[in-house]
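1. When you get a sec, could you give me coordinates for this:
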Amino acid sequence: MTIRAERDPRFYFRFLLIGLGALAFGLYCIYDGAIGYPGKQERALAYQKYVLDDKNEDAWNAYAAEHGWSNAYPGAPKEADKYEVDVKMQFWMAGACGVIAFFPLLGVWRSRGRWIELGKSGLTSSWGQSVAADQVVSLDKTKWRSKGIAVLKYNDGTRARKFVIDDFKFKREPTDRILAELESQIGLHKITGGPPEGYELATEETPTVDAEA
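-> Numbering: from 1, shown residues only. Predicted coordinates:
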């Protein structure tokens with residue numbers, strides 16, 4: 001019998017949101033640095049020239065209409081040094097957002113089409129890792145109950161390696177079946193960090209004998 005567990009899109013959805021959110025904020029920073037801040041500074045300088053310096057509000061109204069601006073007060077212009085720093089800061093933040101967005105989006109991209117499978121030849125994966133039952137040294141279930149992670153330690157004939165079974169990254173029901181079947185293949189004596197699958201349920205359902213009966 002072959003059991004395959006495909007990747008669980010719900011696990012990667014949060015990383016997709018993080019990546020897209022960082023990317024969107026980075027694009028907003030680019031807009032501010034390239035268009036938003038320069039446009040606001042240009043309007044403020046024009047208002048200062050026509051209204052505050054020349055006292056010619058009609059000229060300001062005409063200039064604003066020519067450029068498609070509101071003739072309302074646009075605020076005071078920034079000092080040249082501060083304006084330059086603020087514009088550069090927008091591009092710096094955009095670069096930082098790009099780095100932040102890259103890694104979660106890369107993880108989502110690389111996860112496409114991933115699966116793990118247990119068959120007669122052992123445990124295999126879509127990324128080419130495989131392990132036969134007789135290669136298994138131990139199955140560490142320390143994090144299985146809390147995080148859904150079981151670490152299979154094995155020797156491929158040349159070196160010690162690990163195969164991680166994660167029922168958050170892969171669909172839970174087939175992943176749990178893979179783990180239970182794998183335990184029966186490798187032998188219970190190789191399981192560490194927790195009981196084999198089904199042990200707790202079997203224990204709870206075992207009837208107790210009334211000592212007074």
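2. Helix, strand or coil: sort out residue 69 for me.
-> Here residue 69 is coil, with the state taken from DSSP: H, G, I helix; E, B strand; the rest coil.
3. Neighbours of the nearest residue to it once chain neighbours are set aside, how many?
-> Among residues not flanking residue 69 along the chain, residue 43 sits closest, at 5.7 Å (Cβ to Cβ, 6 or more residues apart in numbering). C-beta: built from backbone N, CA, C; applies to glycine. Using other Cβ atoms under 10 Å, residue 43 is surrounded by 21 other residues.
4. Which pLDDT value does the model give residue 43?
-> If you check residue 43, the pLDDT there is 95.
5. Just say helix, strand or coil for it.
-> Secondary structure assignment for residue 43 (three-state DSSP): helix.
6. Would you confirm that it contacts residue 71?
-> No. Applying Cβ atoms under 8 Å as the test, residue 43 and residue 71 come out as separate, 9.9 Å apart.
7. hey, what's in contact with both of those two?
-> Both residue 43 and residue 71 are contacted by residue 64, under the criterion Cβ atoms under 8 Å, 6 or more residues apart in numbering.
8. care to break this structure down by domain?
-> 9-110, 115-204 (automatic domain parsing).
9. doesn't residue 183 fall inside a helix?
-> Yes. According to three-state DSSP, residue 183 belongs to a helix.
10. Pull the contacting residues for the closest residue to it other than its chain neighbours.
-> Distances taken as Cβ to Cβ, 6+ apart put residue 196 closest to residue 183, at 4.9 Å, once the chain neighbours are dropped. Residue 196 is in contact with 180, 183, 188, counting by Cβ under 8 Å, 6+ apart.
11. Would you list the buried entries among those?
-> The neighbour-count test (16 or more other Cβ atoms under 10 Å) applied to these identifies residue 183 as buried.
12. so who does the residue nearest to residue 69 touch?
-> Residue 43 sits next to 64, 69, 74 when contact means Cβ under 8 Å, 6+ apart.
13. could I get those residues as JSON lines with neighbour count, pLDDT and distance to residue 18?
-> As requested, the contacts of residue 43 are exported to JSON lines (neighbours: other Cβ atoms under 10 Å; pLDDT from 0 to 100; distance: Cβ to Cβ, whole Å):
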{"residue": "64", "neighbour count": "18", "pLDDT": "92", "distance to residue 18": "41"}
{"residue": "69", "neighbour count": "17", "pLDDT": "92", "distance to residue 18": "37"}
{"residue": "74", "neighbour count": "19", "pLDDT": "92", "distance to residue 18": "36"}
